[in-house]
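**Q** model the following, please.
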Amino acid sequence: MGLLTPLAVKIGAISWMPKLLPQIVWTDKRLQAVTGGRVTILDVAGLPNLMLTVPGRKSGIPRSNPLLCVPHDGGWLVAGSYFGGPKEPLWVANLRACERAHIRDGKVETDVTWREVEGEERARMWQVMLRTWPNFAKYEERTSRTIPVFYLQRA
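**A** Down below sits the predicted model:
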């Protein structure tokens, strides 16, 4: 966690934040372009993150998304929260359509396998994720869908 993490938590809790997601994504892409992909908004906020790359389920073209992650048991937990919006982020369907993905965690790049965490295990992992990003609880309140949780591990 970094110095700006408390501010990021407050900003992430704002109820109208999902409406700004397109602008946030645009800003994040520009920041990554300027830094050669070395810095994301999540880095600036001092939050653990990774770059997930999966092939598009229709096009097959690799798609990369910076995601808040929670390192756990030698792997990473990620959630398809989309700030608690009504729809799942597109990367979720792309991940579900492939067997392996690629991540960059800092300077380390690796292929990963994944599994969707469900049931009681999801409930336990959700509590682990809340310790890193308490706003996941707010996102859960904002949406009627179950926010998917994925565990990624080195292939």
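**Q** what about residue 51, which helix or strand?
**A** Under the criterion of DSSP states H and E, residue 51 resides in strand 49-55.
**Q** can you count the residues close to residue 106?
**A** Residues near residue 106, counting by other Cβ atoms under 10 Å, number 11. Using the backbone N, CA and C atoms, a C-beta is placed for each residue, glycine as well.
**Q** list the contacts for the closest residue to residue 112 other than its chain neighbours?
**A** Nearest non-adjacent residue to residue 112, counting by Cβ to Cβ, 6 or more residues apart in numbering: residue 152, 4.3 Å away. Neighbouring residues of residue 152 by Cβ atoms under 8 Å, 6 or more residues apart in numbering: 50, 52, 69, 75, 76, 77, 78, 101, 103, 112, 113, 114.
**Q** make TSV out of the residues you listed and add distance to residue 20.
**A** What follows is those, written out as TSV (distance: Cβ to Cβ, whole Å):
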residue	distance to residue 20
50	22
52	21
69	22
75	30
76	26
77	25
78	21
101	27
103	26
112	30
113	33
114	28
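**Q** the closest residue to residue 37 other than its chain neighbours and residue 106, how far apart?
**A** Among residues not flanking residue 37 along the chain, residue 51 sits closest, at 7.3 Å (Cβ to Cβ, 6+ apart). Residue 51 sits 10 Å away from residue 106, going by Cβ to Cβ, to the nearest Å.
**Q** ok, what's across the strand from the closest residue to residue 105 other than its chain neighbours?
**A** Spatial nearest neighbour of residue 105, chain neighbours left out: residue 50 (4.5 Å); criterion: Cβ to Cβ, 6+ apart. Here residue 50 sits in beta bridges with residue 67, going by DSSP bridges.
**Q** do residue 102 as well
**A** Here residue 102 sits in beta bridges with residue 53, residue 111, going by DSSP bridges.
**Q** center of the chain, which residue is that?
**A** The structure's the chain has its C-alpha centroid closest to residue 67; by Cα atoms, centre = their mean the separation is 2.8 Å.
**Q** was I right to think that one contacts residue 47?
**A** No: assessed by Cβ atoms under 8 Å, residue 67 is found out of contact with residue 47, at 10.1 Å.
**Q** returning to what we had before: if I look at the residue nearest to residue 37, how far off is residue 108?
**A** 11 Å.
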